[in-house]
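**Q** My questions are about this predicted structure, shown below with the sequence.
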Amino acid sequence: VTAEIISFNTGFMQIYMLTWSLLAVAFLTSFGSSMLYGYNLAVVNSPAVYIKDFYNKTALGRNGTALSGETLTLMYSLTVSVFAIGGLLGSLIVGMLVTRFGRKGTVVKTTVLVFIAGSLMGFSRVCGSPEMVIFGRFITGIHSGISLSVVPMYLGEIAPKNLRGFLGLVPSIFIGTGVFSAQILGLHQLLGKEEHWPLFLSVVVVPTFIQLMLLPWFPESPRYLLIEKHNVHATITALKWYRAKCNIQAEIEEMQDEQRSLSSVETLSVWKLLQDDTVRWQVLSVVIINIGMQLSGIDAIWFYTNDIFENAGIPAPEIQYTTAGTGIIEIIAGLIGCFTIEKLGRRPLMIGGFAMMGLCILSNLSNDVTCTMFVFIPVSAGVPFLITAELFKQSHRPAAYIVGGSLNWLSNFTVGFVFPFLQMSAGSYCYLVFATICVSVAIYVYIMIPETKNKTFMEISQMFSKKEAVLETQSLTHVDQLKLKKMNGYGGVEHASLEFNSSSSVP
């Protein structure tokens, strides 16, 4: 029976071109990078009281006076949101890194940031330095800002087109796993005690170390090797590594078609990307879905879960277990998205996720959105990061990730820093802002973003080119209709005058 199961699984993977190498790379990159993003989103929630107490005692020892309530809230909000400032910096430099070091090379080389950050946070209490906690959070943010862009880019480029959605959503499963891991380790029976919070913050070095030991053995992105490095031999070697039985020559020819179309185009800077009219709808789409993903309020949930549940009236002893329950649902949602995206497509997942969240928030405002916690989850399914990879060709992709990533992290910072004050002033009605954004993004995706399932990067680019041409034609037709109305209306006098002058010129 075991042999039959193995045979079935092997056959299934070969039919869909999912090899063990592809799966291993998806798991390694996500485990050592994407999972840390989810972990760091939720890790500050459980030890919040202990971290504040550490800040207070340190200030008392240094200055002889304790911090005021407002100052303490401000310092803790900074500790939470400085992660997003680091993420913004990471997203701004990711284009330079992936161009110079490659996709896999960037993932491997940036692991050093995790070890630096883990050391700072792990020894912060011994050194009596709140600054080490804050700076450590900032450095983990830089790493997450880089990995949140480069991992989907890497997986999107090594995957065959019929598996790009599946592999592209593997990171979202590990983001949910990271959130859940932080919630479980934060239980009082494990690392949720006062003496353990520095270890709790620094445990991120473990998955990164495993990644560092194994990932360098796998090849670089074939598209990067061929289109940017012009190394055909390395490209063929990488494709043989990542593919089972497929027409490697056909894939190389498709890459070469893209390479020829980019022969006179260098890798674009952000400024040139924003000036390029041929991709303006792709850029606008990336802007809207990345801002919408963060301003939906999802990260406010993970940053301040305990406070939200406390305000919702859940008994204090039960909050830690309720919080862990949301992490389980996050993982389940990621798995559902991962295994249905190639069947349902990208658009239904985005439209359904954003719309359901918005509507559920509106129906639960009076309950402090206790049950909307579970409907917030689908927005973190990772589709926006996948879409960013799919909407652009090789020359535009790094700059597009810089734009999407920077806006993503700016919105993340805004939510993380402002949410406690917004909640104090508006109560549960602060979620009304999130609901409006969710519904608006769902409407935009429905109207403007085409389905990209099973399409090559060149085909997706052509789809947007056709959309641009249709919109321009409609615009010109509208202008012509206005001119016609003018000629048939008030413009009739001018028309008559022209006819008179024309006829008078005839001998």
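**A** Nice, thanks for sending it over.
**Q** State the helix or strand in which residue 212 lies.
**A** helix 205-214 (DSSP states H and E).
**Q** For the very next helix or strand once past that helix, which outside residues touch it?
**A** Later in the chain than helix 205-214, the nearest helix or strand by DSSP H and E is helix 222-223. With CB atoms under 8 Å, 6 or more residues apart in numbering as the test, helix 222-223 has contacts from 157, 158, 235, 238, 239, 242, 251, 255, 394. For the C-beta atoms, the positions are set from N, CA and C on the backbone; glycine is no exception.
**Q** before we move on, what SS does the residue nearest to residue 251 when sequence neighbours are not counted have?
**A** Among residues not flanking residue 251 along the chain, residue 239 sits closest, at 6.2 Å (CB to CB, 6 or more residues apart in numbering). Using DSSP: H, G, I helix; E, B strand; the rest coil, the secondary structure recorded for residue 239 is helix.
**Q** how close does residue 239 sit to residue 161?
**A** In this view, residue 239 and residue 161 are 14 Å apart by CB to CB, to the nearest Å.
**Q** C-alpha coordinates for stretch 251-262, CSV please?
**A** The C-alpha trace of stretch 251-262 is given here as CSV (Å, rounded to 0.1, in the frame of the first residue of the first chain):
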residue,chain,number,x,y,z
GLU,A,251,10.7,26.9,-22.1
ILE,A,252,14.1,28.2,-23.2
GLU,A,253,12.5,29.5,-26.5
GLU,A,254,9.8,31.3,-24.5
MET,A,255,12.5,32.9,-22.3
GLN,A,256,14.5,33.9,-25.4
ASP,A,257,11.4,35.5,-26.9
GLU,A,258,11.2,37.6,-23.8
GLN,A,259,14.9,38.2,-23.9
ARG,A,260,14.7,39.5,-27.5
SER,A,261,11.8,41.8,-26.6
LEU,A,262,14.0,43.2,-23.9
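**Q** to the chain's geometric centre, what's the distance from that stretch?
**A** Here stretch 251-262 is found 27 Å from its chain centre; the criterion is CA atoms, centre = their mean, to the nearest Å.
**Q** averaged over its residues, what pLDDT does it have?
**A** Across stretch 251-262, the average pLDDT comes to 77.
**Q** At the geometric centre of this protein, which residue do we find?
**A** Centroid-nearest residue in the chain: residue 385, 4.4 Å away (criterion: CA atoms, centre = their mean).
**Q** Next up, the contacts around that one.
**A** So residue 385 contacts 148, 149, 152, 168, 171, 172, 404 (CB under 8 Å, 6+ apart).
**Q** Show the contacting residues for the closest residue to the fifth one other than its chain neighbours.
**A** On the basis of CB to CB, 6+ apart, the spatially nearest residue to residue 171 that is not a chain neighbour turns out to be residue 34, at 3.7 Å. Under the criterion of CB under 8 Å, 6+ apart, the contact list for residue 34 reads 147, 148, 151, 171, 172, 174, 175, 178.
**Q** What count of nearby residues applies to the first one?
**A** Residue 147 is flanked by 30 other residues according to other CB atoms under 10 Å.
**Q** nearest spatial neighbour of it, skipping sequence neighbours?
**A** Closest residue to residue 147 apart from its sequence neighbours, by CB to CB, 6+ apart: residue 33 at 3.5 Å.
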